[in-house]
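> How does the following fold in three dimensions:
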Amino acid sequence: MNVAGIGKRFGATVALRGVTFAAAAGDRVAVIGPNGAGKTTLLAILAGVLAPDEGTLELPPAGWVPQRSAVYSKLTVRENLELFAGLERAPHGAVERMLELTGLGGDELTGTLSGGNRQRLNVAVGLLGSPPLLLLDEPSAALDPAQRERLWTFVGALDATVLFTSHDVAEAAQHAHRVLVLAGGELVAELAPTDDLERAIVCAGS
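Residues are numbered from 1 along each chain as shown. Model prediction:
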């Protein structure tokens, strides 16, 4: 995927300005930065939910997992997957494949799932169409440490390029191959996970 000079405005507010980066197949890329840096806006543009005001995108079909869960509490796990598989025109067998991948019981009522299992289902919905690119917006924000570990074990086993946002610097360092630092809508640094990410965040917010 190639992202070149992406810009986005909301009225007089500049949300993104000249954001440029690339990712190879199979990369896991974290996007970190202070609140209001433009992280969610960037992912929404990559997912096609928002249109950029400027710049160009060259990227494969993407699965989009927003911060707010897309699944329905009153449906079972299988019913949720079947509903979204129909909307996404997912290939035959996609629901069974996602049930096997998540390890969730199809007859479980979604509203009774733990936070971690619900998020695994949310990610599975984004994977129904077998997208080569998966976009995760703060995927572990509401999870406890054990649930986070299970989620990242699940994501780490995927055969897809993964781009995710996070406020957790340790999470970015552990699960990403590269880390993009956004501040004020601009890409201010592209770092290795072994770099001093805490210092990068402080500098970006100052």
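> Skip the chain neighbours and tell me the closest residue to the residue nearest the centre of the chain.
Nearest to the mean C-alpha position of the chain, by C-alpha atoms, centre = their mean, lies residue 136 at 1.0 Å. Nearest residue to residue 136, sequence neighbours excluded (C-beta to C-beta, 6 or more residues apart in numbering): residue 164, at 3.9 Å. Quick note: C-beta positions are derived from backbone N, CA and C, even for glycine.
> wait, doesn't that neighbour sit right on residue 126?
No: with contacts counted by C-beta atoms under 8 Å, residue 164 stays clear of residue 126, the gap being 11.4 Å.
> what touches both of the two?
Applying C-beta atoms under 8 Å, 6 or more residues apart in numbering, one finds that residue 164 and residue 126 are jointly contacted by 135-136.
> next one: phi and psi at residue 38?
The phi/psi pair for residue 38 (degrees, to the nearest 10) reads phi 110, psi 10.
> quick one, what contacts it?
Going by C-beta under 8 Å, 6+ apart, residue 38 touches 8, 15-16, 19, 182, 184-186.
> For residue 117, state which of those residues is nearest.
Residue 117 lies nearest to residue 182 out of the contacts of residue 38, by C-beta to C-beta, at 30.3 Å.
> Confirm that that closest one sits in a helix.
No: using DSSP: H, G, I helix; E, B strand; the rest coil, the assignment for residue 182 is strand, not a helix.
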